[in-house]
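In: Give me a model of this one.
(one chain, ligands or ions: 1)
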Amino acid sequence: MISLHSGEFLELTIKDLMISSERVAHVQIGNNLEHALLVLTKSGYTAIPVLDAHYRLHGLISTPIIMDSILGLERIEFEQLEKKRVEEIMKKSVPRVNITASLVSCLDLLVNHPFLCIETEDGFFDGILPRSTVLSQLNKIVKRFKHTEK
Ligand code: AMP
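Out: Numbers count the residues shown, from 1 in each chain. Coordinates of the predicted model:
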């Protein structure tokens, strides 16, 4: 059965596939929604982590959450972007795993989440594991397996 058989996928670690924290677009606790929307729009991602000054993970902020929070009864209240802070509206339940977890244990979570936040053993934000990276790795293994099967 593909390479769960050969162990190829099982040998990979989260560290092999994750995007490290310095390359992850994020916002900080205390930032207003205008800043968050700017980072989201410039980066092109729909959701990004919210960290504190010590690189601890507090939540996720996304464009839909921001837009929903400034939606008034009759109009979009753009002036709220400057007034509200990310921590007031961020999603606090974050799919997070420890850097020492196995990649197989991440698959379950990745079914429902486009990326997982990775934390060090001390609980500091270490990066993210995007679903696309894991799928692309599995795809390579499946293709290689099909090739050697011929
Ligand atoms: P992807 O699989 O590359 O499309 O990424 C899925 C999601 O992961 C994106 O929509 C973002 O929410 C998040 N993401 C991926 N790469 C980054 C990054 N460098 N910085 C922040 N968020 C990211």
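In: okay, CA-based contacts and neighbour counts for the rest of this
Out: OK.
In: Can you check the pLDDT for the residue positioned nearest the centre of the chain?
Out: Computing the C-alpha centroid of the chain and ranking residues by C-alpha atoms, centre = their mean puts F115 first, at 3.8 Å. At F115, the model reports a pLDDT of 98.
In: Let me see the ranges of the helices in the protein.
Out: For the chain, the helices defined by DSSP state H occupy 2-6, 14-17, 33-43, 63-69, 80-83, 86-89, 103-110, 131-149.
In: do the longest one and the ligand meet at all?
Out: Meaning helix 131-149. Yes - Helix 131-149 lies within reach of the ligand by C-alpha under 6 Å from any ligand atom, at 131-132.
In: tell me the average confidence for that helix?
Out: Taken as a whole, helix 131-149 carries a mean pLDDT of 89.
In: what's in contact with that helix?
Out: 2-3, 8-9, 17-18, 110, 113-116 (C-alpha atoms under 8 Å, 6 or more residues apart in numbering).
In: Does V50 have any beta-bridge partners, and if so which?
Out: V27, G59 (DSSP bridges).
In: pretty sure it is touching Q28, no?
Out: Yes - V50 is in contact with Q28 according to C-alpha atoms under 8 Å; the separation is 5.4 Å.
In: Between the two, which has more neighbouring residues?
Out: V50 (26 against 22; other C-alpha atoms under 10 Å).
In: Quick check, pLDDT for that one.
Out: Per-residue confidence (pLDDT) for V50: 98.
In: before we move on, the earlier item: common neighbours of V50 and Q28, please.
Out: V86.
In: list the contacts for G59?
Out: 49-51, 87, 90-94.
In: about what we covered before: of the contacts of helix 131-149, keep whichever come out buried.
Out: Using 16 or more other C-alpha atoms under 10 Å as the burial test, the contacts of helix 131-149 include 9, 18, 110, 115-116 as buried.
In: From those, pick the one nearest the ligand.
Out: Within the buried ones among the contacts of helix 131-149, the smallest distance to the ligand is 4.8 Å, found for F115 (C-alpha to the nearest ligand atom).
In: Just list the residues touching the residue lying closest to that closest one once chain neighbours are set aside, thanks.
Out: In space, and not counting its chain neighbours, F115 is closest to P130: 4.1 Å by C-alpha to C-alpha, 6 or more residues apart in numbering. P130 makes contact with 18-19, 114-116, according to C-alpha under 8 Å, 6+ apart.
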